[in-house]
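>>> I need the structure of the sequence given here:
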Amino acid sequence: MVLLHMKKSEEIQFLHETTVETSVKDVIKEMVEINNLRLRLHRLKMEGDELAEYGPAREPSKVGLDSDEYKSDGQNQHFKEDQTGRRTGHAPIPETAKVLKKTLADAEAAASKNQVKNKVVMRKKDLMECLDNIRGAVMITFPMGLPEWDNVRLAIEDKEELEGSSLGQDIMDEDTAQLWWAGKQMMPENKLKDHVGKNEKTKIICKLQKKGQGAPVREPTV
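Sure thing, here's the model as predicted:
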């Protein structure tokens, strides 16, 4: 199997395995899916920790307002005020919160850039399993469900609207993404072997790039 080290930046990198007979178009599709799933899991870790700590998100119209309404509505057994005013403060019971945080931490580790150093190939099915585990942990922690505006629910359901935001700047589109290696674009209509040769033990450092961004900084081969 050919080992592709996708390194867009120090923070955005992972290992991907494929064969020299695979089309560049299919490689791009596979790597874009992994890239976007990694980012999605990282967003879930960030928002999920807040959910476990401070409970569901407030309605958008009530973000930043006084917390007295939430303190006195009869749901404050585990009330913990969110100083940012984004969440209700209706924290889950500590036991289930712990399970949720552990599930989020496991997902973050599976999607971590450190997997490159650990020589662990990243696979879509493994990341999807992490996503399913988070979905299950959220359902156990909040059996009544989350409000439709909660970022954790939106990320789980893949309904986030991130276009134009800083969180969305590294999300790729398989139809416009380009794959570069050794200073040259790998053409989608070609097979991988047309660029890297027929040796299935080849290892390269490559980059996914959005169309129109030009050639990325060249990386040496592994």
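>>> contacts and neighbour counts: CA atoms only from here.
OK.
>>> could you measure from residue 103 over to residue 50?
Distance, residue 103 to residue 50, using C-alpha to C-alpha, to the nearest Å: 14 Å.
>>> name the residues that touch stretch 174-194?
With contact meaning C-alpha atoms under 8 Å, 6 or more residues apart in numbering, stretch 174-194 is reached by 19-25, 28-29, 32-33, 195, 204-211, 215-221.
>>> for stretch 90-98, same thing?
The contact list for stretch 90-98 (C-alpha under 8 Å, 6+ apart) reads 51-56, 70, 75-80, 137, 140-142.
>>> what about burial for those residues, which qualify?
For those, a burial check counting by 16 or more other C-alpha atoms under 10 Å picks out 51-56, 70, 76, 79-80, 137, 141-142.
>>> dump those to TSV, plus distance to residue 115.
Formatted as TSV, the buried ones among the contacts of stretch 90-98 follow (distance: C-alpha to C-alpha, whole Å):
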residue	distance to residue 115
51	26
52	26
53	28
54	30
55	31
56	31
70	41
76	40
79	37
80	35
137	24
141	29
142	31
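>>> with secondary structure, distance to residue 110 and pLDDT added, can I get the residues you listed in CSV?
Output for the buried ones among the contacts of stretch 90-98, formatted as CSV (DSSP: H, G, I helix; E, B strand; the rest coil; distance: C-alpha to C-alpha, whole Å; pLDDT from 0 to 100):
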residue, secondary structure, distance to residue 110, pLDDT
51, helix, 21, 97
52, helix, 20, 97
53, helix, 22, 96
54, helix, 25, 94
55, coil, 25, 94
56, coil, 25, 95
70, helix, 36, 60
76, coil, 34, 58
79, strand, 32, 87
80, coil, 30, 89
137, helix, 16, 98
141, helix, 22, 96
142, coil, 24, 95
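>>> and these, which two are furthest apart?
Across the buried ones among the contacts of stretch 90-98, the longest distance by C-alpha to C-alpha is 24.1 Å; it joins 70 and 137.
>>> all strands for this structure, in order.
2-7, 13-18, 177-181, 184-186, 203-210 (DSSP state E).
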